[in-house]
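>>> Got a predicted model here, sequence first, then my questions.
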Amino acid sequence: MNFEFSDDQKLIQDQARQFLAEHSPLSTTRKVMDGQSVYDSHLWKSIVNLGWTATAIDEQYGGLGLGSLELCVIAQELGRSLTPIPFFSTIYLAAEIIQQHGNEQQKQRLLPSIAAGETIACLASSELAGQHLFEARQTQFSNGQLSGKKIAVLDGVEADYAIVSATDTNKKHSLYLVNLHQADIQRTLSPSIDSSRPLASIEFINAVAEPLGADNAASAILTEAFDRAAVFTSFEQLGGCEASMQMGIDYTKQRFAFGRSVASFQAIKHIFADMYVAIELARSNAYFAAWALSVNDKKLPLAAATARVSAIDAYYFCSKENIEVHGGMGFTWEFDCHLYYKRAQLLSSIIGSSRWWREQLVSRLLDE
Amino acid sequence: MDFNDTKEQAVFRAKAKSWLAANAQAKRQGLMAGTQEDRYQQAVDWYHKRYDAGFSCLTWPKEYGGQGLSQMYQVIWNQEVSHYGEPDEYFVIGIGNCGPALMTFASEEQKQTLLPRMARADDIWCQLFSEPGAGSDVAGLSTKAEKTGDEWNINGQKIWTSGAQYSRYGVILTRTDPEVSKYRGLTMFMIDLKQPGVEVKPIKQIDGGSHFNEVFFNDAVIPDNYRLGEVNEGWGAALMVLMNERLANATAAPDGFEDFLNWAKASDIDGVPASQDPIVRDKLATWYAQHAGVEATTFRMITAVAKGGVPGAEGSLGKLVGASMNQEIANFVIQQLDAGGQLTGDESTPLDGHFQSAVLMAPGIRLAGGTDEIMRNIIAEQVLGLPQEPRADKGIPYKDIPSGNTGA
C-alpha cells in the first residue's frame, strides 16, 4: 500500500503553492469580490503559462496528459489561495465533460484552446433554487436552437462556451454545447454570497446549440462529471480548510487576553483540535477518492460522494470557527475570515449541495 | 498511490483468509457473546491456536515468538479477522504495550523466556500506570519504589488496570524520587503479580462487567533486573511504550459503524425498512463519512510507518472520533426502538442486544487510553503546536504538588 502522492506530484504542489503565495495574495481575490472585474485575467494568463489548464487534458488535444492526481494537488493550492480565476468551471467541469463525452470534432475544437487558456467554459444546468441540478424543466431544445434560462452559472459572465442541459421535443434530456458569443444570449451578473467568484444568469432565446454527448444522457453524464468534479472540489475545500485553520492559529497565538495567549485556552485549543479532526477526515477521504479517480476504480462513486460530504462539512466548520476565534474582528470586512467563509458556501453547493450528496452517498453505500 | 497488495502480501492474505475460514468463529454479539469469563477463556484459546498457526504478534522478531513481518501484514490480518467473532484485541495492551517495552528494555534472556509466552497468551500481561490520584495526569502518580540492596520495595495503589485479574505480569510505573519535578522522578519495572504483597480487586463497571481492577501493593518486592530503563527515566520509557499503542489503537478502535449499517439494512421502523427512513439515511451519511475518513487516515499512517516514520500523535484522531461515534450510534438505534429498546435480555432486540451492551460500554471507551479532552489537548499541543495550558505544577518538586480528590 502506498497512500500518498508521489514526489513529483508533491513537487508540482510545492511549486503551485509558492507561485500562488507570491502572485495570488488575497488582495487579488478582494478586487473581484469588490466588483472591479469578474476574474483576474493576468493571473489566469500566468497559470496557463505554468501549464495548469493543460494538466489533465490529453496530449493529442494540446494538453500535458498528466493524471487527475496532478490536478488534485493544484486544486488544493488554488483553494488555499482563493485564486479568482475560472478554473473550476473550465477545467473540473467543462474540459472533463468534453474530454469524456465530446465528439472528435468538439474535442479538437475546444480542448486545445482550453489547454491554452484561450477558451473559458462553464456548465449551465441550474434553473431554480431547490430544483434538482440535473432537471431542465424550462430549457428547451429544438431544431438546433436552445431557449430558456439558467441561473447561478459559475463563471457564466466571462465564459466563451457553456454546456447546457435541456429537454428536446421528445422529452429527452440531453447536454448541448453553446457558443456564448451570440446575439440571442443575455447574461446578467447575479449578486451572490461569494462575489469573488461571480455567478451569472443566462437567458437563451433561440440560441444556436449543438448536442454534446449521447442523446438523453444528461443525467448520466452529469452524475459522472459531478463525481469527478467532486474529487477536485474536495481538494480545493481542503486547501481552504487548512488556510482557515492556520489563520485562526496565527491570530490567537499572538493575541493576549487575561494575561495569556488566547491560543493557550483549552476552549480555543479544542476548537482547533476539532478543526484538525475534520480536516484530516476530509483529507483522507479526498485522497481515497483521488486514488479511485486516478485508476477509475469501481469505488469512485461512493468515494467521491464521501469526499464531497466530508469536505463540505469540514470547510463550513473551519471557516465559521475561524471567525469565532477571531472574535469581533472576524466579523469585519477588513479581516479575511469572511473570504473563506463565503468560498466555503459557494463550493458547498455549486455541484450539488450537502443534501443531494448525502443522499448519493447513502444510495451508493446501500447498493454496495 | 496504490492500494493493491504486493505479491507477498496477497499470498499472506489468502493464507490468513483460508485459515480463518477454517478456525475462527462467527460474530456473536450482545446476549450471545457469553459471560466475561467465557470471553476470556475464548480469547486465551484463540491466542493459543493463532500462535501455533503462526499468526500471532506478526511484527515481532521470530526469536521472540513473532513472525518478523512488517506493519502491513498486521493490517492485513486485522482486516481479515475483523469479519469474525474472535476477541482478537483482548490482550492488546499486554501485547501492544508491554511487549515492546520488554523488547526495548529487558535482558536478552528475559525476552527469550517471556515474550513467546506472552504471544501465546500463556502469560497475560497488564499495564499498571493510572492511579486514583493520577488519571489524565498520569505523571502525577505516587506508588513508591524504594531500593534496598538489589531489590525494590513497592507500595501504593494502581487503578483502571485492564485484565489485571487474569495477569501473571505487569509493567508498572513508579515514583522513585519525590524531591524533583513530577516527570523526572519516575522509574518503570516489570512485576510478577502472583507474589506476596500484591492484591487485585476487580472494579464493577456501569455495564456490570469487571474489565478493570484496582491493584494494591504492600511491600511487594521486585528484583533490580526487572527494571525497564534507567532509574528516574521512566517517563520517557512510558511515552515510548504508549507510542506503540497509537497505531494499534488506530487500527483496532471500534466505531460501531458496521453494526449500524447491518442494523439499517436488516430492520424495519413501523413496517418501513430502516434504510429508507430519511433520518436514518442522514445518520448513515454522517457516520459513514467519518468511518471512511478514519479508515483512510489509518492507511495514511501505515504508509508513513512503512516509509520508516514513527506513528505520531495523529493516531489520537481515530480514537477520538470512533469512541464518540460508537456511543452515538448505540444511543441512536435504541431511540428507534421505543420502550422495547430498553430490554437487554430480550432476544427479539436487534443484533442480539448489541446496541444495549454498547451504550453501557461506550462511556468507558471514551475514557480509556485518554479522555476525549486529553486527546484534543494532545492534538492541539503536539500536532498543531499550540501553547500549553499554564501549569500550576511546573518546576515544583513532586512532593509539594496537590493531587487527586482534595474535598472534605
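Received the coordinates, thanks. What you are looking at is a predicted structure, and each value in this text was computed from that prediction instead of being measured. Residues are numbered from 1 along each chain as shown, chains lettered A, B, ... in the order given.
>>> Tell me which residues touch residue 357, please.
No chain in the question, so chain A it is. By C-beta atoms under 8 Å, 6 or more residues apart in numbering or on different chains, the contact list for residue A:357 reads A:230, A:305, A:308-309, A:312. Glycine gets a C-beta too; all of them are placed from N, C-alpha and C.
>>> Hmm, no, I was thinking of chain B.
Residues in contact with residue B:357, defined by C-beta under 8 Å, 6+ apart, are B:29-30, B:33, B:207, B:344.
>>> tell me which element it is part of?
Using DSSP states H and E, the element containing residue B:357 is helix B:354-367.
>>> What average pLDDT does that helix get?
For helix B:354-367, the mean pLDDT works out to 92.
>>> Kindly report the same for stretch B:401-408.
Rounded mean pLDDT across stretch B:401-408 is 81.
>>> For chain B, give me its nearest residue in the stretch 151-300 of chain A.
As assessed by C-beta to the nearest C-beta, chain B sits closest to residue A:281 within the stretch 151-300 of chain A, at 3.0 Å.
>>> same check, this time on the stretch 1-150 of chain A
Minimum separation of the stretch 1-150 of chain A from chain B (C-beta to the nearest C-beta) falls at residue A:3, amounting to 4.2 Å.
>>> burial count for residue B:37?
Number of residues near residue B:37 (other C-beta atoms under 10 Å in any protein chain shown) recorded here: 9.
>>> Report the beta-bridge partner residues of residue A:140.
residue A:147, residue A:167 (DSSP bridges).
>>> Residue A:122 now?
According to DSSP bridges, beta-bridge pairing links residue A:122 with residue A:162.
>>> State the number of residues packed around it.
Using other C-beta under 10 Å, residue A:122 has 28 neighbouring residues.
>>> List the contacts of it.
A:86, A:89-90, A:93-94, A:153-156, A:159, A:161-163.
>>> Do you know the pLDDT at it?
Looking at residue A:122, its pLDDT reads 98.
>>> how near is it to residue A:197?
11 Å (C-beta to C-beta, to the nearest Å).
>>> list residues touching both of the two?
Common neighbours of residue A:122 and residue A:197 (C-beta under 8 Å, 6+ apart) are A:154-155.
>>> domains for the chain, by residue range?
Picking chain A for this. Here the domain parsing of chain A from automatic domain parsing is A:7-115, A:121-215, A:219-367.
>>> Please refer instead to chain B.
If you go by automatic domain parsing, the domain ranges for chain B are B:11-90, B:125-237, B:253-370.
>>> just to revisit the earlier point, now the helix or strand harbouring the residue of the stretch 151-300 of chain A closest to chain B: buried residues?
Per DSSP H and E, residue A:281 falls inside helix A:266-294. Under the neighbour-count criterion of 16 or more other C-beta atoms under 10 Å in any protein chain shown, helix A:266-294 has A:268-294 buried.
>>> And for stretch A:250-259?
The neighbour-count check on stretch A:250-259 (16+ other C-beta under 10 Å) flags A:251-253 as buried.
>>> just stretch B:10-27 next, same as before
Of the residues in stretch B:10-27, B:12-13, B:16, B:19-20, B:24, B:27 count as buried by neighbour count, 16+ other C-beta under 10 Å.
>>> Chain neighbours aside, what residue packs nearest to residue 28?
All of this is about chain A. Spatial nearest neighbour of residue A:28, chain neighbours left out: residue A:40 (5.2 Å); criterion: C-beta to C-beta, 6 or more residues apart in numbering or on different chains.
>>> Chain B, not that one
residue B:85 (4.9 Å).
>>> Can you report how many residues neighbour that neighbour?
For residue B:85, the count of nearby residues is 16 (other C-beta under 10 Å).
>>> Please apply the same query to residue A:318.
Neighbourhood size, residue A:318 [other C-beta under 10 Å]: 31.
>>> Confirm it sits in a helix?
Yes - applying DSSP: H, G, I helix; E, B strand; the rest coil, one finds residue A:318 inside a helix.
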